[in-house]
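# Next input, structure requested:
(one chain, ligands or ions: 2)
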Amino acid sequence: MPQTYALTVGKLTRQLPIIPISDELAIASFVLLGDAELTDYAAQALATKLPADFDYLVTMESKGIPLAQELSRVTNHSQFVVLRKSQKDYMRSPLSVPVSAITTSAPQRLVLDGDDAQRLAGHRVVIVDDVISSGGSLEAAQALMAKVNAQVVGQVAVLAEGAAAFRTDIQFLAPLPLFPRA
Ligand SMILES: O=P(O)(O)OC[C@H]1O[C@H](OP(=O)(O)OP(=O)(O)O)[C@H](O)[C@@H]1O
Ligand SMILES: Nc1ncnc2[nH]cnc12
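Ligands and ions are numbered 1, 2, ... in the order given. Next up is the predicted model:
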């Protein structure tokens, strides 16, 4: 098994460390947090793939947050919504659903603050994340949007990992392979 994977996103390349995540599987770890150059570049590129008309970007804590912020700025949307991975005492009437992701074996919930729920109700939203893999995080976000009667008009990510690269219901910039564990 190679130790790193050379990821190319447009004009940028990054060497991603290959990390075992189970007895059978390893991932090329893509941590966008802290990579301002790639975040800005990806936001510019993803902006061209968004529907012309939407009200809010919605992202998932945590690695999607800087991307959604930059994409909001590029598309002149002054507010976006973050779905959290834990419930905080400052939330009012939060809604939550179970979420599973390829990187997380422990049970988790995805949480929407009630104030954000009111803001999204009846609006057109685009779900944005750094990477879509099993689709578990995306599915949980969709479930929350359905709960608040928000219409999902786009689903975008920088990378589609494994079988997600064959999905026709998402827009992304590059595929990312999964690796058998050595
Ligand atoms: O399609 P899936 O299998 O759900 O995988 C994709 C999700 O996994 C990663 O988040 P992670 O759970 O690692 O949390 P983090 O962003 O807080 O690190 C990534 O940011 C996506 O949200
Ligand atoms: N390859 C990857 N790196 C980091 N987080 C991920 N979440 C899903 N796939 C991932």
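# So which bits of the protein are right by ligand 2?
Within reach of ligand 2 by CB under 6 Å from any ligand atom, the chain has these residues: I27, A28, S29, F30, I102, T103, V131, S133, E161, L176. C-beta here means a position set from N, CA and C on the backbone, and glycine is covered the same way.
# among those residues, which are in strands?
I27, A28, V131, E161, L176 (DSSP state E).
# Just send those residues back as CSV, with distance to ligand 1 too.
CSV is the format used below for these (distance: CB to the nearest ligand atom, whole Å):
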residue, distance to ligand 1
I27, 9
A28, 13
V131, 5
E161, 7
L176, 11
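# Count the neighbours of A101 for me.
20 (other CB atoms under 10 Å).
# picking up where we left off before, make JSON lines out of the residues of the chain next to ligand 2 and add pLDDT, neighbour count and distance to E139.
Shown next, in JSON lines, are these (pLDDT from 0 to 100; neighbours: other CB atoms under 10 Å; distance: CB to CB, whole Å):
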{"residue": "I27", "pLDDT": "98", "neighbour count": "23", "distance to E139": "19"}
{"residue": "A28", "pLDDT": "98", "neighbour count": "22", "distance to E139": "23"}
{"residue": "S29", "pLDDT": "98", "neighbour count": "13", "distance to E139": "22"}
{"residue": "F30", "pLDDT": "98", "neighbour count": "22", "distance to E139": "20"}
{"residue": "I102", "pLDDT": "94", "neighbour count": "20", "distance to E139": "12"}
{"residue": "T103", "pLDDT": "93", "neighbour count": "15", "distance to E139": "15"}
{"residue": "V131", "pLDDT": "98", "neighbour count": "24", "distance to E139": "15"}
{"residue": "S133", "pLDDT": "98", "neighbour count": "23", "distance to E139": "12"}
{"residue": "E161", "pLDDT": "98", "neighbour count": "21", "distance to E139": "15"}
{"residue": "L176", "pLDDT": "98", "neighbour count": "23", "distance to E139": "19"}
